[in-house]
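Participant: this is the structure alone, sequence omitted:
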C-alpha cells in the first residue's frame, strides 16, 4: 500500500513539473481580447441575419462559415475550424514569439488563407499585443466552414473586428485564393464579390499570370519586409508551392534547417534565407503537439504539453511498481483427505 501511495505522489509531481507554466497577466488579457472579439462577431452576425447555427458553432466563436458557398474553394473539417478559434492559440503564438526572442518593433510576416479565420485572428492579436510589425497577406477564397459566407468573407469580418477595436492592422494585400491564388475554380460572379469586398476594405488584390509569378510576387514582398519570422496559416497555394516535398515539412515552429523539405513556395524561400517559419497546417497534429484541446469549448487555460522525458519517466516508474508490487500470493491447494 505504501508503494502505491508513493507512486501516486511521484506521478503527481511529474505532472506538475511537465506543466510549462500558468498564464501570465498579459496572456490572460490576450486570451480575453480574442474571446471578446469572437463574442462580438457572434452578436454582429445575429444582427446581420447571418448567424451560424449553434450546431455548427456551439461555443460562439463567430468565425465559423458555411458548408458550401460560391467562394468556397476546397473541403475543410468543421472540427478543425472550431479548434482553430480557441484563444489559446494566441497564447501559443505569443510563446513562439518569446522562443525566438522577438520584441516590440520587430518585423514578421503573416501569410494566411481565409480558410482559418480563427487562427488568423489569434495570430494578428498576438502580434499586436507584442507590438510586432507584420506584413499581412490573406487569400480570400476559403475551404468549407472557413470565412466562406458570401456576406461575411474575411475583408468584411476584419473590418468589423477593426471597428470594434479588437484588431488594428488592415491587410497589406489580398489574393483571390483558389487555384494559383488567382481565383481559379471560382465563378466570375464570385470573383467580383471578393473584389468588391477588397475594394470596400481599401486593400489591393495581387494579380499575376500564373502560380510561379504569384510565388515570385509574394516572395519579393517578403524579402522587402525583411521579417524575423514567417507565419503560414492554411494552404494558400503560393505559400506552399506545387512541390509535394512540402508535405514532409514539420508543423508548428519550423527552424531553417528544414529548408530541404519545404518545397518551392514562399515557405521554402523563408527557410532557405534563414527565416524561421510557424507552419499552421493540419490543426489536429499541432493541437496535440502544443497541448491545445481539440474541438472542445474554449477555457481560459494555457496550452499544456507534457515534457516527453517526464512522461517517459512516469511510464517507467509505473511499470517498475506494476511488476514489483505483490498483489496476490499463490498457495498450494488444500488437501481434501481423499
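Facilitator: Everything's here; your move. Owing to the predicted nature of the structure, the values given are computational and were not obtained by experimental measurement.
Participant: from here on, just use CA atoms for contacts and neighbour counts.
Facilitator: Will do.
Participant: burial measure for residue 49, as a count.
Facilitator: The local packing of residue 49 (other CA atoms under 10 Å) involves 10 other residues.
Participant: and the gap between it and residue 69?
Facilitator: Applying CA to CA, to the nearest Å, one obtains 16 Å for the distance of residue 49 from residue 69.
Participant: ok, now residue 58?
Facilitator: Counting by CA to CA, the gap between residue 58 and residue 69 amounts to 21 Å.
Participant: centroid-nearest residue for this structure?
Facilitator: Most central residue of the chain, judged by C-alpha distance to the mean C-alpha position with CA atoms, centre = their mean, is residue 119 at 4.3 Å.
Participant: correct me if wrong: that residue contacts residue 89.
Facilitator: Yes: contact between residue 119 and residue 89 holds when scored by CA atoms under 8 Å: they sit 7.0 Å apart.
Participant: can you name the next helix or strand after the strand or helix carrying the residue nearest to the centre of the chain?
Facilitator: For residue 119, the host element (DSSP states H and E) is helix 117-129. Sequence order places strand 133-139 as the next helix or strand after helix 117-129, per DSSP H and E.
Participant: what lines up beside that following strand in the sheet?
Facilitator: Each strand that pairs with strand 133-139, with its direction, by DSSP bridges: strand 107-113 (parallel), strand 173-175 (parallel).
Participant: relative to helix 117-129, how tilted is that strand?
Facilitator: Between the direction of strand 133-139 and that of helix 117-129, the angle (axes from the mean of the first three to the mean of the last three CA atoms, to 10 degrees) works out to 160 degrees.
Participant: in CSV, list the strands paired with strand 133-139 along with mean pLDDT, distance to residue 222 and mean neighbour count.
Facilitator: As requested, the strands paired with strand 133-139 are arranged in CSV below (pLDDT from 0 to 100; distance: least, CA to CA, whole Å; neighbours: other CA atoms under 10 Å):
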stretch, mean pLDDT, distance to residue 222, mean neighbour count
strand 107-113, 98, 7, 25
strand 173-175, 98, 12, 23
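Participant: which stretch among those strands comes nearest residue 239?
Facilitator: In terms of CA to CA, the element of the strands paired with strand 133-139 nearest to residue 239 is strand 107-113, at 7.4 Å.
Participant: more crowded one of residue 58 and residue 69?
Facilitator: Neighbours were tallied for residue 58 and for residue 69 using other CA under 10 Å; the higher tally belongs to residue 69 (16 against 13).
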